[in-house]
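> next comes the sequence, and after it the predicted model I'd like to discuss.
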Amino acid sequence: MTRAHWGTRFGFVLAAAGSAVGLGNIWKFPYIAGQNGGGAFVLVYLVFVATIGLPIMVAEVMIGRTTQKSPIGAFRELAGRRSPWTLVGALGVLAAFLVLSYYAVVAGWAMHYTVLSARGAFAGEDPAASAAVFGETAGSSGISIGWHLAFMALTVWVVMGGVQKGIERASRILMPLLFLMLLVLLGKAFFTEGFGKAGDFVFGSHTDKLTTAGVLEALGHSFFTLSLGLGGMLTYGSYLDRKADLLRGSIAITVLDTVVALLACMILFPITFSYGMEPAAGPGLVFVNMPVALGQMPGGSAFAVIFFGLVVFAALTSSISILEVVASYLIDERGWTRRRAAISAGVAIAIFGIPSALSGSTHLFGEGVGSWSRGVFGESVTSWFDVVDHLVSNWMLPLGGMGIALFCAWRIPEGRRFEEFNRTRRLVNAYRAWMFFLRFLVPVAIAAVFLNKLGLLDRFV
Ligand code: TRP
């Protein structure tokens, strides 16, 4: 069988940008920027995206493009059958399984909120009522599990359609809509009184709240938001023809992702400020603050439908890329049909995600998991959902990113790497810069994250 390919190179950029732009941009980035005081955090994040995220993205897409294989097969081809480097690919498949299991839960909440918005449920809602609605959503097993399963079914359906007819087509439809919705909401936010204040919050230099932990959070988030570290970009790269441009594509994806994250801030914060709410609301920024703000706004219900619809679309173009990592492993390595691979992986992930969907309610595992995870991971990690998120975002993705960077920079022979990088144009200085970042900066930065987590950084600096 010949390998599936993108219909066009632009189709790849759209699909990969669709993967990058997701809950990470619209839900997570604004709230962590809010918690870390805004401006300075945003700046640090931008630096990490350019110097760490972009070089790793180029490495991932390149490994996929040159081997035309999904992560495990790609590492096996480049490193040899029994090489321990194949573990980087295996870690990626496992991480993809874990990420999607809770990602789909949040996406499910957004689906539920889209329906609530359409019913006008947020009109005139006060903060306490809004918090109660969110509590009910995350806390009711029926709603949370039902929408989680619905979202997983949607994801499976797209992936079953294949690279061109499923993933690429979905991205072609959803991404332009997503930008349109962003612009409509930005226009709305622009005319609220809080716009100037939000601009200052996001782009002003507020260094007072930025801590070491915040800097490391920015680094971790730069992986998550660019879909790096688990072989997602590698898999999408494996559907590119060998002559497709590497650098320009990667830059386009990175810029699009960053623009959407900043736009999301300039939508959420003006609205939040205008209606007298707090920027540091945490995960509730989207699900508690926004409904209150939108509910007071003239025409708020329509904008609420657009806003939560936007979140769902963004999440869907990302979730398909995560499921594709697991599915392509089953297809390439196990010889399964795409249909069987997508459905089996989807069902397994959906079931595995049920405890995450229940995390808001009970303490399904009771205080057991709560106290255990608090002990192991720290105070903020109190449910199954948090445990999985923490494990993946803070450990597996950086570890995978480190593996990919080290492999690409030190293990792939210089001749082949140089040739691959320069396939379309000869860019010697860009190559040198890329090598510098990948060889030194990336490993040092990621090592710093791990040392800090183990509580060792303070002893050195
Ligand atoms: N980047 C997406 C977001 O910001 C999520 C995502 C898709 C992802 N694929 C990934 C995260 C691979 C980590 C790894 O929401």
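Right, received. Where do you want to start?
> now the host helix or strand of residue 306: mean pLDDT?
Using DSSP states H and E, residue 306 maps to helix 300-334. In this model, helix 300-334 carries a mean pLDDT of 95.
> okay, the residue located most distally from the centre of the chain and residue 433: tell me how far apart.
Relative to the centre of the chain, and counting by C-alpha atoms, centre = their mean, the farthest-placed residue is residue 415 at 33.0 Å. Separation of residue 415 from residue 433 (C-beta to C-beta, to the nearest Å) stands at 19 Å. Yep, even glycine has a C-beta here, placed from its N, CA and C like the rest.
> one more: residue 358?
47 Å.
> again, but for residue 282
Taken as C-beta to C-beta, the span from residue 282 to residue 433 is 37 Å.
> helix or strand for the residue of the stretch 51-200 of the chain found nearest the ligand, which one?
Residue nearest to the ligand within the stretch 51-200 of the chain (C-beta to the nearest ligand atom): residue 99, separated by 5.6 Å. Residue 99 belongs to helix 86-118 when assigned by DSSP H and E.
> okay, buried residues for that helix please.
86, 88-89, 91-114, 116-117 (16 or more other C-beta atoms under 10 Å).
> also stretch 149-162?
In stretch 149-162, the ones that count as buried by 16+ other C-beta under 10 Å are 149-152, 154-156, 158-162.
> just the closest of those to residue 303, please.
Among the buried residues of stretch 149-162, residue 151 lies closest to residue 303 (C-beta to C-beta), at 22.2 Å.
> what does the stretch 301-450 of the chain put close to the ligand?
Residues of the stretch 301-450 of the chain found near the ligand (C-beta under 6 Å from any ligand atom) are 318, 321-322, 397.
> buried among the residues you listed? Need that as a selection in PyMOL.
A single PyMOL command selects the buried members of those (16+ other C-beta under 10 Å):
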select buried, resi 318+321+322+397
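> need the residues of the stretch 301-450 of the chain next to the ligand in TSV (columns: distance to residue 420).
Shown next, in TSV, are these (distance: C-beta to C-beta, whole Å):
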residue	distance to residue 420
318	27
321	22
322	26
397	24
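> tell me who's in contact with the nearest residue to residue 110 once chain neighbours are set aside.
Excluding the flanking residues, the one nearest residue 110 by C-beta to C-beta, 6 or more residues apart in numbering is residue 311, at 4.1 Å. Shown in contact with residue 311 (C-beta atoms under 8 Å, 6 or more residues apart in numbering): 23, 26-27, 107, 110, 113-114, 286.
> quick one: residue 311 from residue 134, how far?
Using C-beta to C-beta, residue 311 is found at 14 Å from residue 134.
> the helix holding residue 306: which residues count as buried?
Residues of helix 300-334 classed as buried: 300-333 (neighbour count, 16+ other C-beta under 10 Å).
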